[in-house]
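Asks: Build me a structure from this.
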Amino acid sequence: MRNFNNNTSSRGGSRFGQPSKFGQQAQGFGGRPQRGRFNRRSARLPKNLEISKLINKATPIEESVFTPVHTFQEFPFHPTIKANIALKGYNKLTPIQDQAIAHIIAGKDTVGIANTGTGKTAAFLLPLINKVVNNRNEKILILAPTRELAQQIFEEFVVFSKGLNIHGSICVGGVHVGAQISALRRNPNFVIATPGRLKDLANRRLVNLKFFNTVVLDEADRMVDMGFIQDIKAIIAMLPPKRHSLFFSATISKEIHALIQQFLVDPVTVSVKFRETASNVDQDIIRVTDSSRKIDILKGLLAKSEFSKVLIFGRTKRGVEKLSVILSEKGFKVASIHSNKSQSSRQKALNLFKQNSIKILVATDVAARGLDISEVSHVINYDMPATYDDYIHRIGRTGRADKIGKALTFVE
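Replies: Numbering: from 1, shown residues only. Reported below is the predicted structural model:
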């Protein structure tokens with residue numbers, strides 16, 4: 001634990017029993033206190049979180065090497081799909097791909113329980129693209145909780161369907177609906193959408209969901225958490241009763257279980273969720289006793305060379321935007337993502353961060369799930385997450401590809 005207060009000294013030890021290097025430097029953080037800019041409650045520990053859950057010394061993954069039963073080449077994919085898989089650099093199936101693809105090819109309703117970053121997007125995209133190759137009348141609907149995840153799925157669809165003359169459209173909020181309506185009029189085989197925008201388009205009779213005989217719910221638990229449950233139920237009611245349904249979620253709550261019973265018929269369940277949180281993420285807290293110094297502490301951390309690519313989470317849209325502006329004024333290369341920004345602005349910020357054109361991205365929990373961003377060195381919870389599940393998904397943005405990541409949480 002790193003302690004910060006008005007009289008921080010080297011006596012402010014870390015949880016490892018040694019003087020904290022952060023504590024020693026806290027005295028040197030300059031600048032006028034930013035009083036009144038941030039909600040003091042945002043750094044307090046919620047009742048359903050324990051300090052001990054936010055502290056964990058990372059250990060490199062030493063699990064046995066996974067040996068898949070199948071190979072990409074043995075699946076009955078079209079040769080062009082196999083070529084696209086190779087161009088993507090995939091040469092070995094992940095566990096969710098190894099276990100789920102065969103069931104999806106067989107047309108079975110499937111529940112996939114897997115953490116984000118396990119390759120589940122390809123697990124459903126590859127067999128579904130092949131399904132359309134075999135029957136050009138197939139129409140596939142994919143629902144995702146956030147615009148960013150929908151865009152990420154669409155980008156993977158474009159890569160895997162290259163050269164097959166298969167068209168897709170993306171329907172999300174935050175952008176002008178006109179272009180989406182035009183894309184839908186071209187009768188695409190794939191529609192990738194967020195629930196709110198899709199329901200609006202369906203209610204306006206701009207898309208007829210009765211023609212979609214295959215549907216995927218991706219990150220279903222996040223959709224429920226975001227309050228989309230009624231929209232999802234309304235969309236399901238518009239789909240044909242006889243359909244091929246796929247359901248992917250990291251957790252199975254009572255609400256999710258009820259949705260599965262309503263949504264799928266005699267499903268096959270594939271579970272490859274090995275751990276609640278990655279053991280290769282070094283987790284620690286920063287104890288702050290004077291909230292007016294919180295921004296200065298953060299700036300001191302970000303100035304360190306080891307903080308090379310940092311994702312900072314805040315609780316509110318207003319707070320995230322203010323923090324981004326403050327850091328930009330201090331000379332940091334930073335952008336922000338929250339639901340008040342246009343989709344084009346959000347996508348531009350995300351692309352700059354992915355391409356390492358900026359080193360800091362400040363975001364609300366819209367960036368906590370599903371996004372695949374490589375080489376994130378640190379996740380900082382500037383504001384406390386509302387739940388432990390939110391915490392797990394936030395810190396899951398670092399420590400990817402079996403690398404060591406670091407997560408720090410501000411606690412008052």
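
Asks: I'd say Thr251 and Asp221 touch.
Replies: Yes. Counting by CB atoms under 8 Å, Asp221 is a contact partner of Thr251 at 4.8 Å. (Glycine included, C-beta is placed from N, CA and C.)

Asks: okay, the two: which has more neighbours?
Replies: Asp221 (22 against 17; other CB atoms under 10 Å).

Asks: Now do the SS call for that one.
Replies: helix (DSSP: H, G, I helix; E, B strand; the rest coil).

Asks: mind giving me the domain ranges of the chain?
Replies: Annotated domains of the chain cover 2-61+277-411, 79-271 [automatic domain parsing].

Asks: what mean pLDDT does the longest one have?
Replies: Mean pLDDT, domain 2-61+277-411: 76.

Asks: if we can go back for a sec, quick one, which of the domains of the chain gets closest to Pro68.
Replies: Among those, the nearest to Pro68 by CB to CB is domain 79-271 (4.1 Å).

Asks: And the strands in the stretch 301-412 of the chain, which stretches?
Replies: 310-313, 334-337, 360-363, 378-381, 405-411 (DSSP state E, counting those that start in this stretch).

Asks: To clarify, my last question referred to the chain.
Replies: For the chain, the strands defined by DSSP state E occupy 2-4, 110-113, 140-143, 168-171, 190-193, 214-217, 244-249, 268-271, 281-288, 310-313, 334-337, 360-363, 378-381, 405-411.

Asks: Export those to TSV and append columns for distance to Lys304 and mean neighbour count.
Replies: Shown next, in TSV, are the strands of the chain (distance: least, CB to CB, whole Å; neighbours: other CB atoms under 10 Å):
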stretch	distance to Lys304	mean neighbour count
strand 2-4	13	22
strand 110-113	38	24
strand 140-143	40	24
strand 168-171	38	23
strand 190-193	39	26
strand 214-217	41	25
strand 244-249	37	23
strand 268-271	39	17
strand 281-288	13	21
strand 310-313	10	26
strand 334-337	15	25
strand 360-363	12	26
strand 378-381	10	24
strand 405-411	11	23
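
Asks: Would you format those strands as JSON lines with distance to Thr94 included?
Replies: Converted to JSON lines, the strands of the chain look like this (distance: least, CB to CB, whole Å):
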{"stretch": "strand 2-4", "distance to Thr94": "35"}
{"stretch": "strand 110-113", "distance to Thr94": "11"}
{"stretch": "strand 140-143", "distance to Thr94": "19"}
{"stretch": "strand 168-171", "distance to Thr94": "23"}
{"stretch": "strand 190-193", "distance to Thr94": "21"}
{"stretch": "strand 214-217", "distance to Thr94": "17"}
{"stretch": "strand 244-249", "distance to Thr94": "13"}
{"stretch": "strand 268-271", "distance to Thr94": "12"}
{"stretch": "strand 281-288", "distance to Thr94": "19"}
{"stretch": "strand 310-313", "distance to Thr94": "23"}
{"stretch": "strand 334-337", "distance to Thr94": "27"}
{"stretch": "strand 360-363", "distance to Thr94": "26"}
{"stretch": "strand 378-381", "distance to Thr94": "22"}
{"stretch": "strand 405-411", "distance to Thr94": "19"}
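
Asks: Determine which of the ones you listed approaches Gly300 most closely.
Replies: For the strands of the chain, proximity to Gly300 was assessed by CB to CB; strand 2-4 is nearest, at 9.5 Å.

Asks: Check the burial of Gln230 by counting its neighbours.
Replies: Neighbours of Gln230 using other CB under 10 Å come to 10.

Asks: just Asn356 next, same as before
Replies: 12.

Asks: Verify the contact between it and Lys309 for me.
Replies: Yes. If you go by CB under 8 Å, Asn356 and Lys309 touch, sitting 6.8 Å apart.

Asks: okay, and the common contacts of these two?
Replies: Glu375 (CB atoms under 8 Å, 6 or more residues apart in numbering).

Asks: which regions of the stretch 101-250 of the chain sit below the pLDDT cut-off?
Replies: 116 (pLDDT under 70).

Asks: how near is the nearest residue to Phe212 once chain neighbours are set aside to Ile235?
Replies: In this structure, Phe212 finds its nearest non-sequential neighbour in Leu141, 4.2 Å apart by CB to CB, 6 or more residues apart in numbering. Distance from Leu141 to Ile235, counting by CB to CB, to the nearest Å: 8 Å.

Asks: Repeat that for Lys359.
Replies: 39 Å.

Asks: CA-only coordinates of stretch 153-168, as CSV, when you get a sec.
Replies: Extracted C-alpha coordinates of stretch 153-168, given in CSV (Å, rounded to 0.1, in the frame of the first residue of the first chain):
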residue,chain,number,x,y,z
ILE,A,153,-16.3,-6.8,-33.7
PHE,A,154,-17.0,-5.0,-37.0
GLU,A,155,-13.3,-4.5,-37.6
GLU,A,156,-12.6,-8.2,-37.0
PHE,A,157,-15.5,-9.1,-39.3
VAL,A,158,-14.0,-7.0,-42.1
VAL,A,159,-10.6,-8.8,-41.7
PHE,A,160,-12.1,-12.4,-41.7
SER,A,161,-14.6,-11.8,-44.5
LYS,A,162,-12.1,-10.1,-46.9
GLY,A,163,-12.5,-11.2,-50.5
LEU,A,164,-15.8,-13.0,-49.8
ASN,A,165,-18.2,-10.3,-51.0
ILE,A,166,-20.0,-10.4,-47.6
HIS,A,167,-21.4,-7.1,-46.4
GLY,A,168,-22.0,-5.9,-42.9
